[in-house]
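Chemist: Here you go, sequence then predicted model.
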Amino acid sequence: LRSTSITPFLKLPESYRIITAMWKTCVLFVLSAVAPSMALIPSSVAVDWTRPNVAWGTDTFGAPPSPPPNAGISFNFSFGDDMVLQQSPASACVYGMLGAGGTGATVKIASSSGDSHFVSYAVDASIDGTGGWKACLQPTAVGGDYTLTATCKGCTNTTAATLERVTFGDVWYCGGQSNMALPLQHTLSRNLSLAAIKAGKYTNIRIHGISGNMNPNQPWSTLLAAATNSDDPQSSTFMMFSSTCYYFGESLSDEIENKTGKPAPPIGLVHTAFGGSTIEQWLTNASIATCKNASLSASNQEWHDQRVMPYANMTLKGWVWYQGENDMHNLFGNADRNTGYSCLMKTLVAQWRTIWSATPGTTDSNAPFGLVTLAPSGTEGGSDIGTMRWAQTAGYGTLPNAAMPNTFIAQTFDLNDIWSNISCYKLVHCPTVWGNKTYWGPSCLGYCTSVEKTNWYMGPIHPRDKKPVGMRLAQAAGVVAYGQRGWSNGPTIAGCTMAAGKITLSFNKTLLTEGGTMDKIIVQPYNVASGASKMFVLTNGSDFCMQSNGRGGGCRDDGTGRQFPVLQNSWVAVDIAEGTNPNEIVVDLSKTNGTAYAIAYAWTGDCCSENPPTSGSCPLASCPLMGSVSNLPPNPFVAHIVNNKCKCVAPQVCDE
């Protein structure tokens, strides 16, 4: 971890938490490197013998430990009172461990609310060879209030296990690394959500999380109970829950109600992210081996075993994924060539769908999968973050696509923290946040006020504006996962024509009219003098490179896998204007004397990175191009210009 990641503005308790997290990460890294057999697992898993046998999944990491001699039957730790099970048409499954001496199990479900239309019934569980049991319920309609009782046949301890106040709705699994794990207490909109919950809103949402290096163990809970279980609301279970996961659920609830005019279904949010993790840790070693140039580490498959498989038998609606920062120094690659992160991302989606749908009638084999692209502050010192975002889409530039069907995306290149790009972060001690310091620095009052109200977690690498991320995820999920009318994507490049000193960019009309009306592309105000259009053209065709080796290190991958040793910076910022047609943008080439060998938009930096230095904030979603109705930014793009036409790097196509 970089020493610069610790800001001097943190209050002591938060500094302590960060240092503790850093030590845990360092210890985990060392142990996994020198003694893989000693790899650490979350304490809530390590001491819980009710962890499911992985025979119920498609991989193995050993049988669970034997139960204590006096133990009775139990549900897996991933279940609990107040939980949400997946509604029909899917069959929701529950599972756990038999008690000592157990030979079989039965699960009974009964209405707790006296619903005369529901007839209670029992299901005999399947038993594996290590004492694990699994029972799949009949598909159950949305809502309700149920009690599930598991009884053991032959157990020495005949005590039954129960789940109370269970309801049926949609269950979403949230995975990834620190920007998924970032606790709500470090986000700008948290108190608005807290007030809404205390006012009786979002009673349909329930949360559960497994402990990690940024979040505590969080058994299933209603939001109100999670928000009021501490004398200090900012230290409640709710405030320690994943911000991206929660804001997705909150916004999804709003999206469904606003579009349908009906109450949203119960939404269960399962959070498993672990700060600093790589995508390889969430995959099996066998699946990693199918991708060339993948990163090899003793910790690969670690979180697949410990944070995926314990939930693999839980029937889901879908997944949300936010990860990539710790893969910024690895090869981004190309899914078409089965290389790098691009291949791994495609593989993770396919593997998770296979694992969770192994039992017919449970999780859909093509269940929706959403992901968040990296914010500009997520480079971890790596280069070419635009190519990394492209790799997150398996090289198609947008979702869904042929390699990743039924997926959806939230772009965040324009959602950096509003105070991340100024000198105040590195130079200033804010007196109200740090001791008795009195130096505010040049015009840093706005910055200090913001940090005082909502402190960083290890600095701007974790943008605090997670609510807009959740809103974009929910908007896309409404279309892809729920079949609602709307826009799942911002403007997406379809092609271009170069003539008379200009390039006319055209954007996909089908996507622009996805919501039922034309999502005209507009140009928001930008600093023309400083070249802040975020549109660049390449003036030396031999310099086209998708991923460099860093400063002065040449090209690592030109898009075809070719490397070359010398790489010049021949990208030039150019001006843009709205075109005659609503799906067009006109690029002025006067600054390059009509020369352009390639063109790119939002491929590097944030919305203010080309502006003169300032002590002010950078407004959210302030990059120049925007869909006028969808309020979504374009999907970033880069393309060769060949014979005066755009040609994207395969598999992306933009030659219309």
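Modeler: Great, that's in hand. Residues are numbered from 1 along each chain as shown.
Chemist: Please make it C-alpha for all contacts and neighbour counts, starting now.
Modeler: OK.
Chemist: Can you get me a residue count around the residue nearest to Phe564 when sequence neighbours are not counted?
Modeler: Distance criterion Cα to Cα, 6 or more residues apart in numbering; nearest residue to Phe564, sequence neighbours excluded, is Cys555 at 5.2 Å. Neighbourhood size, Cys555 [other Cα atoms under 10 Å]: 23.
Chemist: start at 28 instead
Modeler: Okay, using 28 as the starting number, the last item reads as Cys582.
Chemist: surely Cys582 meets Asn596?
Modeler: No. Using Cα atoms under 8 Å as the test, Cys582 is too far from Asn596 to be in contact (11.5 Å).
Chemist: all strands of the stretch 228-377 of the chain, in order?
Modeler: With strands called from DSSP state E, counting those that start in this stretch, the stretch 228-377 of the chain shows them at 232-236, 245-249, 294-298, 345-349.
Chemist: now do the stretch 28-177 of the chain
Modeler: Ranges of strands in the stretch 28-177 of the chain, per DSSP E, counting those that start in this stretch, are 101-102, 111-113, 120-124, 131-138, 148-151, 153-154, 159-163, 170-180.
Chemist: Can you add mean neighbour count and mean pLDDT and give these back as CSV?
Modeler: Shown next, in CSV, are the strands of the stretch 28-177 of the chain (neighbours: other Cα atoms under 10 Å; pLDDT from 0 to 100):
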stretch, mean neighbour count, mean pLDDT
strand 101-102, 24, 97
strand 111-113, 30, 98
strand 120-124, 26, 97
strand 131-138, 21, 98
strand 148-151, 15, 98
strand 153-154, 18, 97
strand 159-163, 26, 97
strand 170-180, 20, 97
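Chemist: any chance of those in JSON lines, plus distance to Pro639?
Modeler: Below are the strands of the stretch 28-177 of the chain laid out as JSON lines (distance: least, Cα to Cα, whole Å):
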{"stretch": "strand 101-102", "distance to Pro639": "58"}
{"stretch": "strand 111-113", "distance to Pro639": "50"}
{"stretch": "strand 120-124", "distance to Pro639": "57"}
{"stretch": "strand 131-138", "distance to Pro639": "63"}
{"stretch": "strand 148-151", "distance to Pro639": "67"}
{"stretch": "strand 153-154", "distance to Pro639": "65"}
{"stretch": "strand 159-163", "distance to Pro639": "60"}
{"stretch": "strand 170-180", "distance to Pro639": "54"}
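Chemist: of all these, which lies closest to Ala559?
Modeler: Closest to Ala559 of these, according to Cα to Cα: strand 111-113, at 46.7 Å.
Chemist: And the contacts of stretch 209-220?
Modeler: Contacts to stretch 209-220, defined as Cα atoms under 8 Å, 6 or more residues apart in numbering, come from residues 241-242, 261-262, 265-271, 481-484, 489-494.
Chemist: now do 6 Å
Modeler: Met266, Met267, Phe268, Ser269, Ser270, Thr481, Asn482, Arg491, Asp492 (Cα atoms under 6 Å, 6 or more residues apart in numbering).
Chemist: Kindly indicate which of the residues you listed lies nearest Thr619.
Modeler: For the contacts of stretch 209-220, the closest approach to Thr619 (Cα to Cα) belongs to Asp492, at 36.8 Å.
Chemist: and the closest one, how many neighbours does it have?
Modeler: The burial count for Asp492: 20, using other Cα under 10 Å.
Chemist: ok, it to Lys453 distance?
Modeler: Taking Cα to Cα, to the nearest Å as the measure, Asp492 and Lys453 are separated by 20 Å.
Chemist: what does Ala377 give?
Modeler: Using Cα to Cα, we find Ala377 at a distance of 42 Å from Lys453.
Chemist: between those two, which one's more packed in?
Modeler: Ala377 (18 against 13).
Chemist: Look up the closest residue to the more buried one, ignoring the ones flanking it.
Modeler: Ala377's closest residue in space is Met431 (Cα to Cα, 6+ apart), at 7.9 Å.
Chemist: cool, Gly606 as well?
Modeler: Spatially, and ignoring its direct neighbours in sequence, Gly606 is nearest to Ile612 (4.7 Å; Cα to Cα, 6+ apart).
Chemist: So for the one you found, what pLDDT did the model give?
Modeler: Note on Ile612: pLDDT of 98.
Chemist: what's the answer for Arg192, then?
Modeler: On pLDDT, Arg192 comes in at 98.
Chemist: Name the SS class of it, please.
Modeler: State at Arg192, reduced to three classes by DSSP: H, G, I helix; E, B strand; the rest coil: strand.
Chemist: Would you enumerate the residues in contact with it?
Modeler: Asp108, Asp109, Asp172, Tyr173.
Chemist: now, among these, which is nearest to Asn608?
Modeler: Taking those together and measuring to Asn608 by Cα to Cα, the closest member is Asp109, at 52.4 Å.
Chemist: picking up where we left off before, out of the contacts of Arg192, which comes closest to Glu407?
Modeler: Of all the contacts of Arg192, Glu407 sits closest to Asp109, with 38.8 Å by Cα to Cα.
Chemist: thought that closest one was touching Thr194?
Modeler: No. Contact criterion Cα atoms under 6 Å: Asp109 and Thr194 do not qualify, at 7.3 Å.
Chemist: Give me the more crowded residue out of these two.
Modeler: Using other Cα under 10 Å, the more surrounded residue of Asp109 and Thr194 is Thr194, with 28 against 22.
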